[in-house]
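Peer 1: Mind folding the following:
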Amino acid sequence: MLFKSTLLFGLASVAVATQADSQIASDLQAMAASFDKIFIGIDSILLVVNKVADKAGVDEIVSGFAVIDKAIAEGAASIKKSAGMSIAELLNILGPVGVMQDKVAEVVKTLSSKKTALEGLGAKETIVTELQKTKTTADDLVNAIKGNLPLSAITGPFAGPIAATITDELVKGIREWGGEVAGPAPKAAAQPRPAKGSAPKATASPPAKGPAVAMPEKS
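Peer 2: Residues are numbered from 1 along each chain as shown. Okay, here's the model as predicted:
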């Protein structure tokens, strides 16, 4: 499926025209081309997964993931190349990002439907590894989008979560196959602190008892 960012390209084109910037138009084309490659790669791997029947099919799945990872890396690079995305560029990639989320979810679902067959071929660890590699590459794409948002205080609250949905789907897939998802180390539990201005009270020990002393009788 060739997307070519038709969903929002009209809005993006207007923004490009108002900015009169040929470089932005060039960047938009590069981003659209990158997403097209991603979608073609995903469509191809879906066909391979649906017909997998032997270890040769597993090798085709690995090759398919490599194609997708390369296309995602190219997409991240094209976004990073545009030092600070314009509104036009942001509008132009949010549509493809939504489509990519749906397609990644479809890959995860299709792999799940073939889980018994793939495990029978000894491919469980292979699938986990490929999903983890694709997540790492997709993380770079998401970070590139978040890092280059125009007017980030305004666009970040809606554009950031949209971009993150791509990796959310991959995390689901990794966990479903029993894999681990890399993340920040858990923080150590905070120790309770005394209230400000207060100090722990010292407990006085009772005096040691000595032998009883007899008092002299009065005469």
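
Peer 1: what's around residue 63, how many residues?
Peer 2: Residue 63 has 12 neighbours, counted by other C-beta atoms under 10 Å. No exception for glycine: its C-beta is placed from N, CA and C like everyone else's.

Peer 1: swap in residue 107?
Peer 2: 23.

Peer 1: now it: how far from residue 35?
Peer 2: Going from residue 107 to residue 35 by C-beta to C-beta, to the nearest Å gives 15 Å.

Peer 1: What of residue 91?
Peer 2: As judged by C-beta to C-beta, residue 91 and residue 35 stand 14 Å apart.

Peer 1: Kindly report the same for residue 53.
Peer 2: 31 Å.

Peer 1: Neighbour count for these two, which is higher?
Peer 2: residue 35 (26 against 10).

Peer 1: Ramachandran coordinates for the residue nearest to that one when sequence neighbours are not counted?
Peer 2: In space, and not counting its chain neighbours, residue 35 is closest to residue 96: 3.9 Å by C-beta to C-beta, 6 or more residues apart in numbering. Here is the backbone geometry of residue 96 (degrees, to the nearest 10): phi -60, psi -30.

Peer 1: so what's the closest residue in space to residue 51 that isn't next to it in sequence up against?
Peer 2: Excluding the flanking residues, the one nearest residue 51 by C-beta to C-beta, 6+ apart is residue 57, at 6.8 Å. Counting by C-beta atoms under 8 Å, 6 or more residues apart in numbering, residue 57 touches 48, 51, 121.

Peer 1: Grab the nearest non-local neighbour of the first one.
Peer 2: This points to residue 48. Closest to residue 48 by C-beta to C-beta, 6+ apart is residue 60, at 4.6 Å.

Peer 1: Okay, and the one you found sits in which element?
Peer 2: Following DSSP states H and E, one finds residue 60 within helix 55-81.

Peer 1: cool, and residue 94?
Peer 2: helix 87-113.

Peer 1: Can you tell me which helices and strands that helix packs against?
Peer 2: helix 6-19, helix 22-51, helix 124-147, helix 152-176 (3 or more C-beta pairs under 8 Å, 6 or more residues apart in numbering; DSSP states H and E).

Peer 1: thought residue 110 was touching residue 47?
Peer 2: No: checked against C-beta atoms under 8 Å, the pair residue 110 and residue 47 is beyond contact range at 9.7 Å.
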